[in-house]
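Participant: have a look at this fold, sequence not included:
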């Protein structure tokens with residue numbers, strides 16, 4: 001009897017440590033899901049919806065940023081992924097017209113404190129195109145409180161323009177300033193999305209630049225404790241044999257956020273991919289349990 005009591009006591013004493021280590025850790029995924037176009041034929045949304053949402057459900061990231069989401073895709077994703085709540089508005093009218101860069105979080109992990117959307121333009125508070133962009137571009141954000149670790153987070157999800165070189169650079173500068181102006185003391189910062197820029201490009205460097213007075217941001221791939229897993233490139237054009245030399249989908253974090261693992265996920269079924277981008281997944285940690 002004494003022996004079993006000792007074992008039970010040891011197990012109980014270990015629980016707070018294990019729980020705290022788990023509480024400090026969370027995962028984030030960025031995924032350009034490709035808008036629904038009939039011209040995509042066999043790769044159109046109805047043929048890949050379940051593959052995409054089941055991938056997200058399997059990896060179960062605590063945070064997920066999606067790009068190129070049309071209203072009916074948003075409705076279907078929400079139906080397929082009930083553990084998540086998604087925030088953000090559509091880019092064309094600030095309501096439901098055009099693409100969303102929606103941001104999802106697990107409701108069993110986080111409480112929503114505030115959320116919103118701003119436009120990547122000289123007038124970020126209202127819909128419109130910026131600089132030489134081909135389309136209106138947005139960033140959706142949420143301030144979350146981790147109900148387990150008692151940590152607050154400022155999370156931003158975005159999609160830079162694919163045409164405007166000036167727009168991409170100015171968007172990087174704008175987001176960097178916006179985060180610095182809106183983060184609160186103690187916030188863990190996560191910025192993710194389809195930036196349409198490779199590593200080393202001027203917009204990428206603007207996000208990471210050591211700029212006096214602005215929050216420092218770091219590429220999670222660069223600072224991962226374990227080596228990056230998977231291909232570097234994240235755009236595929238639905239071709240599993242395509243190998244790009246650099247990602248255009250990135251996840252950045254602020255100081256104090258440790259990166260445990262980083263991966264580009266390449267699931268396919270019979271040569272068919274869930275999207276024309278691979279999702280990027282990273283395991284993160286904040287606090288003494290890291």
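Facilitator: Arrived safely, thanks for sending. The model shown is predicted, which means the values in this text are computed figures rather than measured ones.

Participant: and the helix or strand where residue 105 lies, average pLDDT?
Facilitator: Per DSSP states H and E: residue 105 is located in strand 103-106. Across strand 103-106, the average pLDDT comes to 98.

Participant: any buried residues in the very next helix or strand once past it, and which?
Facilitator: Counting by DSSP H and E, the element after strand 103-106 in chain order, helix or strand, is strand 110-119. Counting neighbours by 16 or more other CB atoms under 10 Å, one finds that the buried residues in strand 110-119 are 110, 115, 117-119. For the C-beta atoms, the positions are set from N, CA and C on the backbone; glycine is no exception.

Participant: what residues does stretch 140-152 touch?
Facilitator: Residues outside stretch 140-152 that contact it (CB atoms under 8 Å, 6 or more residues apart in numbering): 19-20, 22-24, 26, 65, 87-89, 100-103, 105, 109-118, 153-158, 182, 184, 186-188, 286-287.

Participant: hmm, 7 Å instead?
Facilitator: Stretch 140-152 has contacts (CB atoms under 7 Å, 6 or more residues apart in numbering) with 23-24, 87-88, 101-103, 105, 109-117, 153-157, 184, 186-188, 286-287.

Participant: buried subset of those?
Facilitator: Buried members of those, scored by 16+ other CB under 10 Å, are 23-24, 87-88, 101-103, 105, 109-110, 115, 117, 153-157, 187-188, 286-287.

Participant: ok, residue 161 - contacts?
Facilitator: Residue 161 makes contacts with 133-135, 137, 167-168, 196, as judged by CB under 7 Å, 6+ apart.

Participant: roughly how far does it sit from residue 124?
Facilitator: Residue 161 sits 14 Å away from residue 124, going by CB to CB, to the nearest Å.

Participant: over to residue 80?
Facilitator: From residue 80 across to residue 124, the span is 31 Å (CB to CB).

Participant: tally up the residues packed near residue 95, please.
Facilitator: 10 (other CB atoms under 10 Å).

Participant: actually residue 79, not the one I typed
Facilitator: Other residues close to residue 79 by other CB under 10 Å number 9.

Participant: can you give me the strands for the stretch 1-150 of the chain?
Facilitator: Taking DSSP state E, counting those that start in this stretch to define them, one finds strands in the stretch 1-150 of the chain at 25-32, 63-67, 84-87, 103-106, 110-119, 138-146.

Participant: which one of those strands lies nearest to residue 280?
Facilitator: Relative to residue 280, the nearest member of these by CB to CB is strand 25-32, separated by 5.1 Å.

Participant: quick one, helices of the stretch 101-250 of the chain?
Facilitator: If DSSP state H, counting those that start in this stretch is used as the criterion, the helices of the stretch 101-250 of the chain fall at 165-182, 202-208.

Participant: follow-up on the earlier one: columns distance to residue 268 on top of the strands of the stretch 1-150 of the chain, output as a markdown table?
Facilitator: Formatted as a markdown table, the strands of the stretch 1-150 of the chain follow (distance: least, CB to CB, whole Å):
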| stretch | distance to residue 268 |
| --- | --- |
| strand 25-32 | 15 |
| strand 63-67 | 19 |
| strand 84-87 | 24 |
| strand 103-106 | 23 |
| strand 110-119 | 31 |
| strand 138-146 | 28 |
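
Participant: pLDDT weak spots in the protein?
Facilitator: Within the chain, the stretches with pLDDT under 70 are 1-23.

Participant: so residue 35 touches residue 71, yeah?
Facilitator: No. Using CB atoms under 7 Å as the test, residue 35 is too far from residue 71 to be in contact (10.6 Å).

Participant: contact partners for the residue nearest to residue 30 when sequence neighbours are not counted?
Facilitator: In space, and not counting its chain neighbours, residue 30 is closest to residue 192: 4.0 Å by CB to CB, 6 or more residues apart in numbering. Taking CB under 7 Å, 6+ apart, we find residue 192 in contact with 28, 30, 65, 157, 250-251.
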